[in-house]
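Asks: coordinates only, no sequence provided:
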């Protein structure tokens, strides 16, 4: 609504427009406070342990609508307010997981190898 008011030439000092803008700012501040920062090409994924035991400690398997992806990924557990909640991991293709997930989409599998898994390190998962 505020965008249409501004583009139609209503002055910024108009009281109702100021009210609309202040609500937008308040909503954005609340989202930031809760750790909801919009990032392009990002996804909310359900995470679980690797049932195959194939993934190494710094690896994950990410499954999107188009299938498994490979490469560096930035992973964090919401709300991600502490630096330790954010990790850069290697997304790898795990053929054995195809049988486990079937046609499921939008998930991430974490390694179970090592002393502390990445899932545990991120907000004591």
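Replies: It's in. Here the structure is a predicted model, which means the values were calculated and not measured.
Asks: quick one: distance of the longest helix along the chain to the chain centre.
Replies: As assigned by DSSP state H, the longest helix anywhere in the chain is helix 15-33. Relative to the centre of its chain, helix 15-33 is centred 24 Å away, using Cα atoms, centre = their mean, to the nearest Å.
Asks: quick one: end-to-end distance for stretch 36-43.
Replies: Using Cα to Cα, to the nearest Å, one end of stretch 36-43 lies 12 Å from the other.
Asks: just use 28 as the starting number from now, easier for me
Replies: Yes, from this point I'll number from 28; that puts the last item at stretch 63-70.
Asks: residue 79 against residue 125, yeah?
Replies: No. Between residue 79 and residue 125 there is no contact under Cβ atoms under 8 Å: 10.2 Å. Every C-beta, even on glycine, is put in place using the N, C-alpha and C of the backbone.
Asks: who has more neighbours, these two?
Replies: Neighbour count, other Cβ atoms under 10 Å: between residue 79 and residue 125, residue 79 has more, with 15 against 12.
Asks: identify the residues contacting the more buried one.
Replies: Listed by Cβ atoms under 8 Å, 6 or more residues apart in numbering, the contact partners of residue 79 are 121, 123-124, 127.
Asks: lowest pLDDT pick from these?
Replies: Among the contacts of residue 79, residue 127 carries the lowest pLDDT, at 85.
Asks: wasn't that residue part of a strand?
Replies: No. When classified by DSSP: H, G, I helix; E, B strand; the rest coil, residue 127 is found to be helix rather than part of a strand.
Asks: burial check on it, number of neighbours?
Replies: Neighbour count for residue 127, taken as other Cβ under 10 Å: 14.
Asks: how about the contacts made by it?
Replies: Contact analysis of residue 127 by Cβ under 8 Å, 6+ apart lists 78-79.
Asks: one step back: could I get the buried residue list for the longest helix of the chain?
Replies: Across helix 42-60, burial judged by 16 or more other Cβ atoms under 10 Å covers 44, 47.
Asks: I am finished for the moment; much appreciated.
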